[in-house]
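J.: Sequence first, then the predicted structure, then my questions.
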Amino acid sequence: MPTATHLDPNTAHGVMVAACQQLGIDPDASQLIRIGENALFRLNAESVIVRIGRSINESKKEVAVSVWLAENGISGTELAYPEVDILIIDSFPVTFWKLIDESPVKPTASELGCIIRRLHTLPQPALFTLPHFTAMPKIDGRLAKLRDKFNLADIEFIYDRKTKIEKQLGQIDSALGWGPIHGDAHIGNLMRDASGTIRLIDYGDFCIGPREWDICVLAVSYKVGTIPQSTYREFADAYGFDALTWSGFPIIQAARKLNMTTWLMQLVGHSPKVDAEIAKRLADLRNGCSRSWEAF
């Protein structure tokens, strides 16, 4: 199979088949779950998830984090074949994970608060190095791809706002200190398996950073109206810290709202609803409004 540089469904399927053949696994009964930053396939015959990434270093980090969490008593995703951590197929990293048999009982905000609090007690890993926190690492790349879809004033506004926020972030006084953080600590990144065990998933944003960042994920969601106050309150009470009372919250909120807006800008043209929401968010950022945002 020729070397691939673009991860589309056909390329991903070819990579998945080649990886399975290398391990002697039958790829025929496979199902594409999703494709985005990564491609996920389910191997029904094996109860295995095949994950095809775009970055070898990111995949190595995710494998290392999964092992480290297990060693420290936090349940997460588990390698299906521990003797094989990563295969490289046509420059794409391929990992194999045990399928989590999910319970119909959804995780709660309280359970998220408890597991993030536990994570925040852990020291830095001894056997690998987590990256240093950056608040808005994807914005420049997103904007570079959007220059022909938005007017220059919008693009320059976001660049300028990002620069100002980055300067403010450097002045934040962390109340909780720095350490290993999840980076995207929302309820959707918890799973309850059939035995009732809560599992923390999605390690792409794991890093060494200010612990408040993890608390602010739900705090910002509440402030923009995508979750009710009761959900945030349940989470904050379980964790034992209220980000809304912390002096650094407005700056973190500004960074997260810029991330949220540029993420949605990538979907411009998908539907009138998406385009209207993008326009609303850009207007709110310019005018300092605090209207509710739609979740996507």
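T.: Noted; the coordinates are in hand. Because the structure is a prediction, the values reported are computed rather than measured.

J.: C-alpha from now on. contacts and neighbour counts both.
T.: Will do.

J.: Give the other helices and strands that the helix or strand where Tyr159 lies contacts.
T.: Element membership for Tyr159, per DSSP states H and E: helix 152-169. If you count contacts as 3 or more C-alpha pairs under 8 Å, 6 or more residues apart in numbering; DSSP states H and E, helix 152-169 packs onto helix 249-265.

J.: Report the buried residues of the helix it packs on.
T.: For helix 249-265, burial by neighbour count (16 or more other C-alpha atoms under 10 Å) applies to 249, 251-265.

J.: Of the residues you listed, which is the nearest to Phe92?
T.: Trp263 (23.7 Å; C-alpha to C-alpha).

J.: who are the neighbours in contact with that closest one?
T.: Listed by C-alpha atoms under 8 Å, 6 or more residues apart in numbering, the contact partners of Trp263 are Arg142.

J.: now swap in the one 4 residues further on and tell me
T.: Contacts for Leu267 (C-alpha under 8 Å, 6+ apart) come out as Val274.

J.: now it: how far from Leu146?
T.: The spacing between Leu267 and Leu146, counted by C-alpha to C-alpha, to the nearest Å, is 10 Å.

J.: go on, Phe249?
T.: 29 Å.

J.: what about the strands in the stretch 151-296 of the chain?
T.: Applying DSSP state E, counting those that start in this stretch to the stretch 151-296 of the chain gives strands spanning 178-181, 190-192, 198-200, 207-210.

J.: Using JSON lines, please lay out those together with distance to Gln21.
T.: Below are the strands of the stretch 151-296 of the chain laid out as JSON lines (distance: least, C-alpha to C-alpha, whole Å):
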{"stretch": "strand 178-181", "distance to Gln21": "36"}
{"stretch": "strand 190-192", "distance to Gln21": "30"}
{"stretch": "strand 198-200", "distance to Gln21": "30"}
{"stretch": "strand 207-210", "distance to Gln21": "34"}
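
J.: tell me the contacts of the residue nearest the centre of the chain?
T.: For the chain, Asp184 is the residue whose C-alpha lies nearest the centre (C-alpha atoms, centre = their mean; 4.8 Å). For Asp184, the contact set (C-alpha under 8 Å, 6+ apart) comprises 205, 214, 217.

J.: Tell me who's in contact with the residue nearest to the second one when sequence neighbours are not counted.
T.: Spelled out, it's Asp214. In space, Asp214 comes closest to Ala185 once its chain neighbours are excluded; the distance is 5.4 Å by C-alpha to C-alpha, 6 or more residues apart in numbering. With contact taken as C-alpha under 8 Å, 6+ apart, Ala185 is in contact with 112, 116, 214-215, 217-218.

J.: quick one: which of those is most hemmed in?
T.: Neighbour counts for the contacts of Ala185 (other C-alpha atoms under 10 Å) peak at Ile215, which has 28 neighbours.
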